[in-house]
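K.L.:
Structure, please.
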Amino acid sequence: MSTRVYLDHNASSPARPEVIDAMVQALNTPGNASAPHGAGRAAHKLVADGREAVALAMGVCAQDLIFTASGTESVNTAIKSAVEGGAKRILVSGMDHPASILAAEASGARVDIIPTLETGLVDMEWLGACLKDWDVKDGPPCITISAANSETGVLQDIETVTELVHEAGGHVLVDAVQALGKTPMIYNVDYLAVSAHKIGGPQGVGALYCAPDAPYTNLLIGGGQEKRRRAGTINVAGIAGFGTAAKLAENLDHTRALRDAIETGLESMEPDLVIFGRNTERLPNTCLFAVPCASSSTLMMGLDLEGISVSTGIACSSGKVGASRAITAMGLADKAPQGAIRISLGYTSGPNDVDRFLSAWAKIRKLSLQGAA
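P.N.:
Predicted structure coming up:
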């Protein structure tokens with residue numbers, strides 16, 4: 001079989017060759033970044049350079065950036081900080097990642113889900129009314145929202161959300177894990193979480209921006225690393241790789257034409273095709289679709305056997321298959337009774353990937369229809 005076609009960049013984008021080189025170089029730098037000797041200073045410089053590069057990509061000040069082990073840790077830290085800072089009620093978008101929803105539920109604060117429209121956008125009217133009637137006994141409002149949904153790619157109106165929340169004296173946490181390197185990021189928020197492995201960086205490295213006037217509480221307690229904001233030996237090689245990936249990150253505009261070609265090709269073969277969030281601004285690299293009459297798990301396995309890597313829009317919990325979180329939040333679960341498939345392109349994607357995917361899809365669907373006859 002020829003080289004595998006990788007169409008699952010929203011799960012994890014393959015490490016860029018330049019990133020691997022940077023990490024190898026960093027691994028050959030023996031010092032601990034907290035040590036005062038020459039080797040330690042060399043390691044510290046790699047971290048400082050990585051911090052500057054990641055902060056620039058995020059559009060934030062480097063001195064307010066904290067390196068973590070993942071986007072999940074970043075989100076958890078921000079929610080803990082907001083609650084420790086007085087928030088007793090958290091509003092969470094239904095399109096958020098489980099890291100935000102579950103961390104909010106575990107925080108001890110009251111949690112309310114912001115309704116989602118069929119477009120995949122949060123209900124701004126509901127949010128505005130909720131903030132207008134906010135009970136001061138609930139402390140300052142705390143809102144968590146994903147800049148871009150990992151399944152549909154739908155982009156939220158972060159600017160409007162931020163204006164509403166700040167007018168109410170609250171704090172905004174934006175999960176920008178999927179947005180970094182795929183769409184311009186200019187957010188005036190209190191907390192901003194990102195991760196390296198979505199942009200061709202290493203797995204196991206994340207970052208959290210915390211505005212200078214936002215509450216902050218350490219999630220990890222120990223040494224004085226990261227200006228005493230995040231204990232633990234600093235991951236020099238991972239941060240060096242993250243910084244390199246951030247420098248190379250692009251808005252992935254070239255993937256829009258590829259994504260659109262896939263959607264057009266699918267429509268020509270599938271009269272009942274449903275593309276979620278299609279009429280809303282989306283990430284240029286993402287498509288979540290369903291063929292109501294076909295099992296997404298079966299289709300994904302068939303594609304895998306053809307050398308095509310995609311993901312399904314279903315989740316498995318305790319052995320039970322459930323509907324996609326995003327599709328359910330949009331109120332469209334009936335449009336995907338047997339699950340959905342997500343295609344997410346990246347820096348490695350090209351026209352040949354489109355041709356191979358559509359060819360494999362046609363083959364699989366022909367076989368499945370013959371089997372059903």
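K.L.:
So which residues of the stretch 251-373 of the chain form strands?
P.N.:
For the stretch 251-373 of the chain, strands defined by DSSP state E, counting those that start in this stretch occupy the ranges 274-275, 286-290, 308-309, 311-312, 315-317, 320-322, 341-344.
K.L.:
Convert the last one to PDB, retaining C-alpha atoms only.
P.N.:
Included here for strand 341-344 are C-alpha records, laid out as PDB according to Å, rounded to 0.1, in the frame of the first residue of the first chain:
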ATOM      1  CA  ILE A 341     -17.300  11.100  10.400                       C
ATOM      2  CA  ARG A 342     -14.800  13.900  10.900                       C
ATOM      3  CA  ILE A 343     -12.200  14.800   8.300                       C
ATOM      4  CA  SER A 344      -9.500  17.300   9.400                       C
END
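K.L.:
what packs against that strand?
P.N.:
With contacts taken as 3 or more Cβ pairs under 8 Å, 6 or more residues apart in numbering; DSSP states H and E, strand 341-344 sits against strand 286-290, helix 296-305, strand 311-312. Where you see a C-beta, it was placed from the backbone N, CA and C, and this is true even at glycine.
K.L.:
and Ile327, which of those is closest to it?
P.N.:
strand 286-290 (7.6 Å; Cβ to Cβ).
K.L.:
Measure how the closest one sits relative to helix 296-305, angle-wise.
P.N.:
Put simply, strand 286-290 runs at 130 degrees to helix 296-305, going by axes from the mean of the first three to the mean of the last three Cα atoms, to 10 degrees.
K.L.:
Pairing partners for strand 286-290, with directions?
P.N.:
strand 274-275 (antiparallel), strand 341-344 (antiparallel) (DSSP bridges).
K.L.:
mind checking which of those strands is nearest Arg4?
P.N.:
strand 341-344 (14.3 Å).
K.L.:
Counting neighbours, what do you get for the nearest residue to Cys130 once chain neighbours are set aside?
P.N.:
Of all residues not flanking Cys130 in the chain, Leu91 sits nearest, at 6.7 Å (Cβ to Cβ, 6 or more residues apart in numbering). As a burial measure, Leu91 scores 26 neighbours (other Cβ atoms under 10 Å).
K.L.:
now Ile90
P.N.:
Around Ile90 there are 28 residues (other Cβ under 10 Å).
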